[in-house]
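Asks: Please work out how this folds:
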Amino acid sequence: ALQLYQEWISNLLLEKNNEILSYIDNQRLLFIYDNYVGEKKNELYATSLKNAIEKYSTSSAKALFKSDLIQLWYNERAGGFDFTLTQIVKEAQKVIQDYPNTLGAVYMQNLLGIIQSKSLNVRLEEYIPTNQAFKTLVEYQNISSVKYKIVEWKEINPKNIYLKNQEIWEALQRLKVAQSGNFKLPASNDYLPHSIEFGLEGLAIGKYALITYTDEVINDFEKGKFTISPFQVTNLAVNFKDVQDQIIISVLNRKTGQPLNQIQTEILKRTNYNQNTSTVQTAFSNAKGEVVIKKSSLSNSYFDIIVKNGQDILEINNNYNYGNRNLSSEPVWNSTTKIFTDRAIYRQGQEVFFKGILIETKKDSVRPKTNQSIEVIFRDANYQEVSKQSFTTNNFGSFSGFFRIPEGGLNGSFTIETPFGSESILVEDYKRPTFEVTIPPIEGNFQLGDSITVKGQAVAYSGANISQATVNYIVQRKAYFPIWGYYG
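Replies: Alright, predicted model coming up:
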């Protein structure tokens with residue numbers, strides 16, 4: 001293939017067609033870069049691009065090589081090229097300004113679209129005690145200010161609220177507002193993602209949604225960003241415990257952790273997510289705050305829980321399918337694919353080498369599944385197919401291959417998928433870490449109001465301890481809902 005490129009270039013030199021010549025020359029360098037496996041790959045490619053820029057310095061073809069060099073700086077910021085996003089944006093804008101209506105300018109417009117894209121995400125606890133101030137974490141990129149409203153949202157179907165379309169936005173504006181204001185974001189022009197916590201005032205019992213949005217949503221909906229974060233304000237809490245063929249639900253006071261007696265608890269189920277629910281059981285908690293459910297009553301269903309104490313109502317949508325629990329059925333062989341990658345995090349343009357092992361299990365027996373055809377699909381952060389390959393397992397039930405991560409797309413979680421299992425990898429613009437933080441496991445049992453001492457150590461990879469460093473931390477409270485597996 002390289003020889004064909006060279007012959008093509010030789011013919012174009014005779015024709016003196018610089019426009020086509022520069023494009024073919026550019027593709028030749030890209031081909032070599034994609035297939036080169038030696039050392040200093042990026043440095044050699046950068047040097048070749050700089051030489052080409054000098055070679056075509058008097059032609060608009062220079063823009064094509066310059067755009068490739070800038071794209072390389074962007075893709076390999078953590079791999080040897082010390083360019084900030086601000087510097088890359090400045091260089092990309094210069095290509096667009098100096099060489100408009102060229103292919104290089106188009107590439108740089110696309111790159112600027114990625115770097116300057118806006119993102120907004122908000123996190124907060126799903127259940128909050130009454131009249132108690134709480135925090136929300138705002139994650140943002142290329143946004144200078146965010147407004148917020150807390151609205152009473154019980155009138156909106158919770159399954160539709162996440163559509164985040166203009167109809168939902170307009171419906172939200174008609175709801176009663178409990179709080180509103182502005183989140184003042186620290187000024188930043190580095191095009192990087194940032195996060196900051198804000199405090200919000202306590203609320204009375206009820207169902208709410210925190211709406212955050214940029215000014216563009218009001219003037220031009222398609223260009224704006226907004227988020228919807230539903231939550232409940234309640235003094236009720238529940239815990240689950242799996243005991244043989246029963247599920248024990250403990251009803252507790254959210255503030256004190258004490259069990260609550262004679263609290264109405266309703267269990268509802270449905271066979272799929274969109275179906276209407278039917279009541280399985282309505283009971284009152286005992287002196288220990290417990291309500292007992294038979295697992296068999298939830299076979300092949302999702303279930304929800306509604307706990308009522310006067311005006312205080314706690315709703316928990318537990319969207320897990322518990323499958324058929326017929327313990328007497330004959331066990332069968334089940335196929336599973338275990339996929340291993342050469343690492344867990346990658347950058348765009350890199351190759352992902354993987355190995356898969358297809359096994360069959362039945363009770364305590366395990367065996368490799370040999371000579372089995374299997375299709376492997378590589379999906380991007382939007383779960384769109386990037387490429388796929390077909391393999392046949394060997395005598396050990398294994399297969400191996402690689403995928404190339406495309407450039408110029410979204411970062412995020414990519415998936416290597418088979419019919420019998422999948423594995424996720426992260427694609428990020430990461431920098432290699434220079435230190436490690438270790439925190440030993442916290443031992444002991446604790447309850448609300450206790451003080452806990454957490455110890456940790458920061459050590460540079462050179463072996464030296466890191467002193468006088470600023471330490472930031474977040475304490476999160478999460479409810480644990482056990483998942484009962486499928487019994488065949």
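Asks: which residues sit against stretch 372-383?
Replies: The contact list for stretch 372-383 (C-beta atoms under 8 Å, 6 or more residues apart in numbering) reads 337, 352, 354, 356, 358, 385-393, 397, 399, 401, 403, 406, 409-420, 427. Yep, even glycine has a C-beta here, placed from its N, CA and C like the rest.
Asks: measure it end to end?
Replies: 26 Å (C-alpha to C-alpha, to the nearest Å).
Asks: how about that stretch: buried residues?
Replies: Buried residues in stretch 372-383, counting neighbours by 16 or more other C-beta atoms under 10 Å, are found at 372, 374, 376-380.
Asks: show me what contacts the closest residue to residue 206 other than its chain neighbours?
Replies: Nearest residue to residue 206, sequence neighbours excluded (C-beta to C-beta, 6 or more residues apart in numbering): residue 233, at 5.5 Å. By C-beta under 8 Å, 6+ apart, the contact set of residue 233 is 127-130, 203-208.
Asks: and with 10 Å instead?
Replies: Neighbouring residues of residue 233 by C-beta atoms under 10 Å, 6 or more residues apart in numbering: 127-132, 134, 150, 178, 202-208, 254, 312.
Asks: Repeat that for residue 187.
Replies: With the criterion set at C-beta under 10 Å, 6+ apart, residue 187 makes contact with residue 144.
Asks: Now for it, which secondary structure element holds it?
Replies: Take DSSP states H and E as the rule and residue 187 turns out to sit in neither a helix nor a strand.
Asks: for it, phi and psi?
Replies: phi -60, psi 140 (degrees, to the nearest 10).
Asks: Same question for residue 114.
Replies: Per degrees, to the nearest 10, the backbone of residue 114 is at phi -70, psi -50.
Asks: Show me what counts as buried in stretch 100-109.
Replies: 102-105, 107-108.
Asks: same question but for stretch 352-368, I mixed them up
Replies: 352, 354, 356-360.
Asks: just checking, which of the residues you listed belong to strands?
Replies: Applying DSSP state E to these, the entries found in strands are 352, 354, 356-360.
Asks: And those, which two are furthest apart?
Replies: 352 and 360 (26.2 Å; C-beta to C-beta).
Asks: related to what we said a few turns ago, quick one: buried ones out of the contacts of stretch 372-383?
Replies: Using 16+ other C-beta under 10 Å, the buried ones in those are 337, 352, 354, 356, 358, 391, 393, 397, 399, 403, 409, 411, 414-418, 420, 427.
Asks: so where's this protein uncertain?
Replies: 1-20, 78-80, 154-165, 271-276, 299-300, 318-331, 431-432, 478-488 (pLDDT under 70).
Asks: and the longest helix for it?
Replies: For the chain, the helix that runs over the most residues, judged by DSSP state H, is helix 18-35.
Asks: Let me know the closest of the buried residues of stretch 352-368 to residue 59.
Replies: Distances from residue 59 to the buried residues of stretch 352-368, taken by C-beta to C-beta, are shortest for residue 352, at 37.4 Å.
Asks: For the residue nearest to that closest one when sequence neighbours are not counted, list the residues it contacts.
Replies: Excluding the flanking residues, the one nearest residue 352 by C-beta to C-beta, 6+ apart is residue 403, at 4.9 Å. Residues near residue 403 by C-beta under 10 Å, 6+ apart: 341, 350-354, 376-379, 386-389, 414, 416, 425.
Asks: roughly how far apart are residue 403 and residue 358?
Replies: 18 Å (C-beta to C-beta, to the nearest Å).
Asks: that older thread, spell out which helix or strand contains the residue nearest to residue 352, please.
Replies: Using DSSP H and E, residue 403 falls within strand 398-404.
Asks: Could you look up the next helix or strand downstream of that strand?
Replies: strand 412-418.
Asks: got the contact list for that next one?
Replies: Against strand 412-418 from outside (C-beta under 10 Å, 6+ apart): 335-341, 346, 352, 354, 356, 358, 374-383, 385-386, 388, 391, 399, 401, 403, 405-406, 422-428.
Asks: Strand 398-404 and that one, what's the angle between them?
Replies: Using axes from the mean of the first three to the mean of the last three C-alpha atoms, to 10 degrees, the inter-axis angle of strand 412-418 relative to strand 398-404 is 150 degrees.
Asks: Dump the C-alpha coordinates for strand 412-418 into PDB.
Replies: Written as PDB, here are the backbone C-alpha positions of strand 412-418 (Å, rounded to 0.1, in the frame of the first residue of the first chain):
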ATOM      1  CA  GLY A 412     -16.800   8.100  27.600                       C
ATOM      2  CA  SER A 413     -17.600   4.500  28.200                       C
ATOM      3  CA  PHE A 414     -17.100   2.200  25.100                       C
ATOM      4  CA  THR A 415     -18.300  -1.400  25.100                       C
ATOM      5  CA  ILE A 416     -16.900  -4.700  23.700                       C
ATOM      6  CA  GLU A 417     -20.000  -6.800  23.300                       C
ATOM      7  CA  THR A 418     -20.700 -10.400  22.600                       C
END
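Asks: Remind me what whatever helix or strand comes next after that strand packs against, helices and strands.
Replies: The helix or strand immediately downstream of strand 412-418 is strand 421-427, counting by DSSP H and E. Packed against strand 421-427, as judged by 3 or more C-beta pairs under 10 Å, 6 or more residues apart in numbering; DSSP states H and E, are the following elements: strand 334-341, strand 345-346, strand 351-362, strand 373-379, strand 412-418.
Asks: Which positions in the first one come out as buried?
Replies: Using 16+ other C-beta under 10 Å as the burial criterion, the residues of strand 334-341 that qualify are 335, 337, 339, 341.
Asks: Beta-bridge partners for the last one, please?
Replies: For residue 341, the beta-bridge assignment (DSSP bridges) gives partners residue 354.
Asks: what's near enough to touch it?
Replies: 352-355, 402-403, 416, 423-425.
Asks: With distance to residue 185 added, can I get those in a markdown table?
Replies: Listed next are the contacts of residue 341 as a markdown table, based on distance: C-beta to C-beta, whole Å:
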| residue | distance to residue 185 |
| --- | --- |
| 352 | 35 |
| 353 | 40 |
| 354 | 40 |
| 355 | 44 |
| 402 | 41 |
| 403 | 37 |
| 416 | 37 |
| 423 | 36 |
| 424 | 30 |
| 425 | 31 |
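Asks: In three-state terms, label the nearest residue to residue 313 once chain neighbours are set aside for me.
Replies: For residue 313, ignoring the flanking residues on the chain, the nearest one in space by C-beta to C-beta, 6+ apart is residue 306 at 6.6 Å. Classification of residue 306 by DSSP: H, G, I helix; E, B strand; the rest coil places it in strand.
Asks: and residue 306, what are its bridge partners?
Replies: Where residue 306 sits in a bridge, its partners, by DSSP bridges, are residue 266, residue 315.
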